[in-house]
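**Q** After the sequence you'll find the predicted model.
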Protein chains: 2
Amino acid sequence: MTGTTLDNTFGRYLLFLGDTVEPGYAKTAFGLRDWARERCVGELALPAATVTTGLPALTPRQAQAQGATALVIGVAAPGGLIPPAWVPALLAALEAGLDLVSGMHVKLAQIDALREAAARLDRRLIDIRTPPADIPVANGRRRTGWRVLTVGTDCALGKKYTALALTRALSGRGIDASFRASGQTGILIAGGGMPIDAVVADFVAGAAELLSPASAADHVDVIEGQGSLFHPAYAGVSLGLLHGSQPDRFIVCHDPGRTHILGLPETPLPSVEAVIALTVALGRITNPAIACAGVALNTSALDAVAAQAEIDALSARLGLPVADPLRGGASFERLVDHCIIPDTEQP
Amino acid sequence: MTGTTLDNTFGRYLLFLGDTVEPGYAKTAFGLRDWARERCVGELALPAATVTTGLPALTPRQAQAQGATALVIGVAAPGGLIPPAWVPALLAALEAGLDLVSGMHVKLAQIDALREAAARLDRRLIDIRTPPADIPVANGRRRTGWRVLTVGTDCALGKKYTALALTRALSGRGIDASFRASGQTGILIAGGGMPIDAVVADFVAGAAELLSPASAADHVDVIEGQGSLFHPAYAGVSLGLLHGSQPDRFIVCHDPGRTHILGLPETPLPSVEAVIALTVALGRITNPAIACAGVALNTSALDAVAAQAEIDALSARLGLPVADPLRGGASFERLVDHCIIPDTEQP
């Protein structure tokens, strides 16, 4: 049992963008487009929206006719609520034969009109962020298998993309690797996982233990990190995930252009060195052999030359591999080298 | 709003001990006896129980006749469940006119017989461990007022008792101080608080911000700590509580006889020095001026001479006040001195 598991017949998505004008709020839609393209039939946006995934614009009926089985809410609204302006489009999707999928904290069934329409039409309202029942308290015992966790200097700078890119690279080398999703977009991409930030606090480390269970000694679990150990609101989630994941290696994800924690202009971003030191100090409690594999640098705001200069400078400063997983190349291959099981520990 | 607030008409308790034979499971009953004696009418135990609070043994009808308004489940059962063997006594309490109060993770209303009897008899089923709705994400901003947090090398070694004893000592000095409860027993003692370990992970630091709101500059909030930053299962809870509490001072609670984390024989107890260093390093994120006030040593297993020797030795080693709050005395007064607002910071 590894947390929320999506039905395999769950099928194909129509990505709903609401009335979103801020691309930062459309992480789920972009993530699905980039990492689960084959499941995305098209997008649906309200007239006020300016954000687009570039996928075909479809009505719910058109999407259903082209094989979509569910409308996925691909954007977050400020406050985590479903605005009344979205409800008519969601009702139209139910009428067109689609289920609704949401990764928001608020539950779809809390909106009377959606609950009633879903019941009348026999459609499913699927809340990805509902954790499984009966998560145990963590036991802290070492498990078989090899684990890599992505951590960060902040939220929203590439922990999921890095984990997905690493999983793909490991698989490309013939290594048996699994992406373990801990957030709603990752769960939709992977078809399963654990919505770690929605778990009751006492059980977070236990939920992380479920997410990457004991496995074959040569199997690699690549675990999607959450938040940051230095985040004033979310550090506890990050720590529970670290302890339960008991990683052998971790990658620090960082955006060189960010100076402060997102949304908290009074809180400076920690240095990469500080994140490495704290992750090792705290991670040792459940895995004394924890080590940093290197840094994933989000250079999306830079051109290729400037990106490589940042990568080289940070790598020289740290004495560790640094790469932008989305750019790939030789530096990323070196980072991957540092994530695999060393020959000395090969089973 | 400071989390769960008990009705002021809530009144007086009959302490239920179930069939408990292990005193360690009766923390809630002992805590209420020791810190809310005026609210405790008596105790009710099943024939198999060997644990007692020393309060008068009363039937539910006797307790109700003597002014009790609620039966409080004062013991925990392994697994956090309410065993079937307890249900007849709980039903008898409802029949006798008492409400039921529970601090367990499982909800009273999940037991059909209790739910049906409470509805039929118009009694309340009160789950202290249900957090309030609409807890915000933490904002990390500094609040007015002075805050002291108890932290620990482990669970269950005196964080609540230390916070209660410190609050009592501060009040005795004429300082405006509030005990802020973060666990079920503390909430029952204080008549309010926040069941921090039952909060959804994303909101733990935000819940801690609610628990000790902005206050007058000369007001002291004494916040009951939870778990330990070194606990493989609960460290994330401790970290969220630390960040949201943004304490000015903290006391490390420690049991000198304990060598391993409770229930985890493979996990050695951290040193007091390690807990001080990590609490300062992590606490700085929301309060750069955080400092350790000293150590509360649980010497309940030692005689007075041995206790004083332990206290003196640790105090010399650390260069900080060390005391057993339950023994009091001059060493405890020195610890209290280090918890109050320094003259240089007096408003």
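**A** Arrived safely.
**Q** near chain B, which residues of chain A show up?
**A** A:105, A:137-141, A:196-202, A:204-206, A:229-230, A:232-241, A:243, A:264, A:266-267, A:278, A:281-282, A:285-286 (Cβ under 8 Å from any Cβ of the partner chain). Where C-beta positions appear, they are placed from N, C-alpha and C, glycine not excepted.
**Q** contacts for stretch A:215-224?
**A** With Cβ atoms under 8 Å, 6 or more residues apart in numbering or on different chains as the test, stretch A:215-224 has contacts from A:143-150, A:159-160, A:163, A:166-167, A:170, A:175-183, A:186, A:193, A:208, A:211-212, A:241, A:245, A:247, A:339-341, A:346-347.
**Q** Go again with 6 Å.
**A** A:144-149, A:160, A:163, A:166-167, A:170, A:175-182, A:186, A:212, A:245, A:347 (Cβ atoms under 6 Å, 6 or more residues apart in numbering or on different chains).
**Q** can you check stretch A:114-130 too?
**A** Contacts for stretch A:114-130 (Cβ under 6 Å, 6+ apart): A:90-91, A:94, A:99-103, A:107-109, A:184, A:187, A:195, A:198.
**Q** among those residues, which are in strands?
**A** Under the assignment DSSP state E, the contacts of stretch A:114-130 contribute A:99, A:100, A:101, A:102 to strands.
**Q** can I assume the last one is in contact with residue A:73?
**A** Yep, that's residue A:102 we're talking about. Yes - in this structure, residue A:102 is within contact of residue A:73 by Cβ atoms under 6 Å, at 4.7 Å.
**Q** Counting neighbours, what do you get for the closest residue to residue A:56 other than its chain neighbours?
**A** In this structure, residue A:56 finds its nearest non-sequential neighbour in residue A:42, 4.1 Å apart by Cβ to Cβ, 6 or more residues apart in numbering or on different chains. The tally of other residues near residue A:42 (other Cβ atoms under 10 Å in any protein chain shown) stands at 18.
**Q** cool, the one 5 residues further on as well?
**A** Other residues near residue A:47 number 5, with proximity taken as other Cβ under 10 Å.
**Q** Three-state assignment for it, please.
**A** Classification of residue A:47 using DSSP: H, G, I helix; E, B strand; the rest coil returns coil.
**Q** Find the residue closest to it in space, skipping its chain neighbours.
**A** residue A:19 (7.8 Å).
**Q** got it, and residue A:315?
**A** residue A:322 (4.0 Å).
**Q** before we move on, back to that, from the ones in strands among the contacts of stretch A:114-130, pick the one nearest chain B.
**A** Distance ranking of those against chain B, using Cβ to the nearest Cβ, places residue A:102 first at 15.7 Å.
**Q** what's across from that closest one in the sheet?
**A** Following DSSP bridges, residue A:102 is listed with bridge partners residue A:127.
**Q** what number of residues lie near it?
**A** Quick note: residue A:102 (other Cβ under 10 Å) scores 25 neighbours.
**Q** Likewise for the one 5 residues further on?
**A** Residue crowding around residue A:107 was assessed by other Cβ under 10 Å; the count is 15.
**Q** quick one, what contacts it?
**A** Contact analysis of residue A:107 by Cβ under 6 Å, 6+ apart lists residue A:127.
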